[in-house]
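# Just a sequence and a predicted model for now, questions to come.
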Amino acid sequence: MKDVLRTTDPTQLAFAQALLSGEDITSFEMDVHMSVLDGSLGILPRRLMVANRDHFMALAVLRDNGVDGIVE
């Protein structure tokens, strides 16, 4: 698995997941429960992961739709 997005904005994560789902790319959100460590301040970014075979296409989909926080 490779990460394609790192952000602290939950709406941006939901948008990115919807875009990827629309292209039949399965994604997995990591670091969801890290808010316990940062005291629910939202300072630790969450990562959106995709399978290695979908990495290139996922980056293209997110980039074409203007999503910020893309990891290249």
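Happy to help now that I have it.
# got the contact list for residue 68?
Residue 68 makes contact with 7, 12, according to C-beta atoms under 8 Å, 6 or more residues apart in numbering. Quick note: C-beta positions are derived from backbone N, CA and C, even for glycine.
# gap between it and residue 12?
Residue 68 is 7 Å from residue 12, where distance means C-beta to C-beta, to the nearest Å.
# Residue 20 now?
13 Å.
# Residue 11 versus the residue lying closest to residue 55 once chain neighbours are set aside, what's the distance?
Of all residues beyond its chain neighbours, the one nearest residue 55 is residue 2 (4.6 Å), with distances taken as C-beta to C-beta, 6 or more residues apart in numbering. For residue 2, the distance to residue 11 (C-beta to C-beta) stands at 23 Å.
# The two: which has the busier surroundings?
residue 2 (15 against 8; other C-beta atoms under 10 Å).
# Now do the contacts for the more buried one.
Residue 2 is in contact with 49-52, 55, counting by C-beta under 8 Å, 6+ apart.
# Within the helices and strands, which one has the most centrally placed residue in the chain?
Compute the mean C-alpha point of the chain, and by C-alpha atoms, centre = their mean the closest residue is residue 48, 2.8 Å away. Taking DSSP states H and E as the definition, one finds residue 48 inside strand 46-50.
# Outside of the following helix or strand past that strand itself, list whatever touches it.
Using DSSP H and E, the next helix or strand after strand 46-50 towards the C-terminus is helix 55-64. Applying C-beta under 8 Å, 6+ apart, the contact partners of helix 55-64 are 2, 4-5, 16, 19-20, 23, 25, 27, 50, 70, 72.
# hmm, which of those residues are the buried ones?
4-5, 16, 19-20, 25, 27, 50, 70 (16 or more other C-beta atoms under 10 Å).
# top helix in this structure by residue count?
helix 10-22 (DSSP state H).
# Who are the packing partners of that one?
strand 2-7, strand 27-30, strand 46-50, helix 55-64 (3 or more C-beta pairs under 8 Å, 6 or more residues apart in numbering; DSSP states H and E).
# That's all I had, so thanks and see you.
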